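K.L.:
What follows is a predicted structure for the sequence shown.
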Amino acid sequence: MRKSMRHLLSAVIIVGCFVVALPKQTQAQLTKLRASFAGTTGYHLPIWVQKQEGLDKKYGLDLEILLIAGGARIIQTLLSGELLLTHSGASTVARAGIAGADLTMIATVMNQVNWKIVARKEIREVKDLLGKKIAIASRGGSSELGLQLAFKKWNLDFSRVTLLSLGPSPTRMAALREGVVDATVFAYPELLIASKEGFPVIADLRPYADLTDTSVVVTRAGLDKQRPLLKRFLQGYVEAIARIKRNPESAYRALSRYTGVSDAAALEETRKFYADSFTSIPRTEMNGWCNLIATLGKSEAEMARFVDMSLLDEIQKDGFFERLGK
């Protein structure tokens, strides 16, 4: 009998040690969180790194991220409850909000337009675009609004260009190659492909277009019901931004997985471009937000409900940014 008890006690000790040795995320059940991202440009690098590097699990989440292109489709999926959040352009949120959707942005990683204008070889400067066709990603999106703001600062008549909404980068690249359009806008890493094919970059929109862009978007109901969950998401998201800036390998792995780029120089050029562009503390900056809503004929007071930084406020009050070394 004493021998059986000794064996039982030994077994309990072994099992106990095994449980203690388990990683934290396996000791407690992870909470599922479904999210979407809007395309394959590096704008979405933070949410890719968050997933790729296990920063979802670090904060108790099992993050599933889905590629959903097209503003209307993104908003419909979010409003249906199939997603808790989406990582997409702020202009989509603003337009949907004006139409009655109860949405809000809880973080913004891009507060300026990061497109560059790429054109046919005979087009050498922006004034040569007048009377020409320019392919954009979508009407009302950051590609159109960025061009609109830049043309205004260049004192050029934006109504004198024809815009064609052609969707994702591969489609726009094909239209440029085939001469269907005279120019388009690209961000990294697609910009590298266009440059290698000999299409000149004739303008960088960043100096001309402070504009709220890539943001974390939720429904107001989702924010009210899932605040602790979304707070944990934002902790992982902010840490992902820090890794992009400080740990290039993290960014390389995510870029390779989600864009298919494998060239080392291209990976570093793309990472550096976004590391320099991303906001370390991803707040929606009011200058860019006011520029965006002004293009829609709305005031800051009318659109205030679509921006909610309260979760970032909580994280900052908790000392989270200081612990990350921000």
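P.N.:
Ah, there it is.

K.L.:
Thr162: what's its closest spatial neighbour, skipping adjacent residues?
P.N.:
Here the nearest residue to Thr162 in space, its sequence neighbours aside, is Lys133; by Cβ to Cβ, 6 or more residues apart in numbering that works out to 4.7 Å. Where you see a C-beta, it was placed from the backbone N, CA and C, and this is true even at glycine.

K.L.:
can you map out the strands along the stretch 101-250 of the chain?
P.N.:
103-108, 116-119, 133-136, 162-165, 183-186, 201-204, 214-219 (DSSP state E, counting those that start in this stretch).

K.L.:
what comes up buried for the last one?
P.N.:
I take that to be strand 214-219. For strand 214-219, the neighbour count (16 or more other Cβ atoms under 10 Å) marks 214-219 as buried.

K.L.:
any chance of the residues you listed in TSV, with pLDDT too?
P.N.:
Putting the buried residues of strand 214-219 into TSV (pLDDT from 0 to 100) gives the following:
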residue	pLDDT
Thr214	93
Ser215	96
Val216	98
Val217	97
Val218	98
Thr219	97
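
K.L.:
quick check, nearest of these to Gln316?
P.N.:
Distance to Gln316 across the buried residues of strand 214-219 (Cβ to Cβ) is lowest for Val216, with 15.7 Å.

K.L.:
which strand residues sit across from the closest one in the sheet?
P.N.:
According to DSSP bridges, the residues that bridge with Val216 are His87, Ala107.

K.L.:
quick revisit: the residue nearest to Thr162 reaches Val181, doesn't it?
P.N.:
Yes. Between Lys133 and Val181 there is a contact at 4.5 Å, judged by Cβ atoms under 8 Å.

K.L.:
ok so, going back, if we only consider the buried residues of strand 214-219, which is nearest to Ser299?
P.N.:
For these, the closest approach to Ser299 (Cβ to Cβ) belongs to Ser215, at 19.6 Å.

K.L.:
can you tell me which residues contact the closest one?
P.N.:
By Cβ atoms under 8 Å, 6 or more residues apart in numbering, the contact list for Ser215 reads 87-90, 93, 105-110, 284.

K.L.:
how close does it get to Leu129?
P.N.:
Distance of Ser215 to Leu129, given as Cβ to Cβ, to the nearest Å: 29 Å.

K.L.:
now swap in Ala265 and tell me
P.N.:
For Ala265, the distance to Leu129 equals 30 Å [Cβ to Cβ].

K.L.:
Check Pro168 too.
P.N.:
According to Cβ to Cβ, Pro168 stands 22 Å off from Leu129.

K.L.:
rewinding a little: higher neighbour count, Ala265 and Leu129?
P.N.:
The neighbour count for Ala265 versus Leu129, taken as other Cβ atoms under 10 Å, is higher for Leu129 (23 against 8).

K.L.:
Test my guess that that one contacts Ala119.
P.N.:
Yes. At 7.2 Å, Leu129 counts as touching Ala119 under the criterion of Cβ under 8 Å.

K.L.:
what residues are shared contacts of these two?
P.N.:
By Cβ under 8 Å, 6+ apart, the residues touching both Leu129 and Ala119 are 182-183, 202.

K.L.:
any chance of the strands of the stretch 101-250 of the chain in CSV, plus distance to Gly319?
P.N.:
Formatted as CSV, the strands of the stretch 101-250 of the chain follow (distance: least, Cβ to Cβ, whole Å):
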stretch, distance to Gly319
strand 103-108, 18
strand 116-119, 38
strand 133-136, 42
strand 162-165, 45
strand 183-186, 39
strand 201-204, 37
strand 214-219, 21
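
K.L.:
just so I know, which of these lies nearest Trp289?
P.N.:
Of all the strands of the stretch 101-250 of the chain, the one in closest proximity to Trp289, counting by Cβ to Cβ, is strand 103-108 (8.2 Å).

K.L.:
which strands and helices sit next to the closest one?
P.N.:
On a contact count with 3 or more Cβ pairs under 8 Å, 6 or more residues apart in numbering; DSSP states H and E, strand 103-108 meets helix 90-98, strand 214-219, helix 220-225, helix 227-246, helix 310-317.

K.L.:
how big is the angle separating the first one from strand 214-219?
P.N.:
Relative orientation of helix 90-98 with respect to strand 214-219: 30 degrees, computed using axes from the mean of the first three to the mean of the last three Cα atoms, to 10 degrees.
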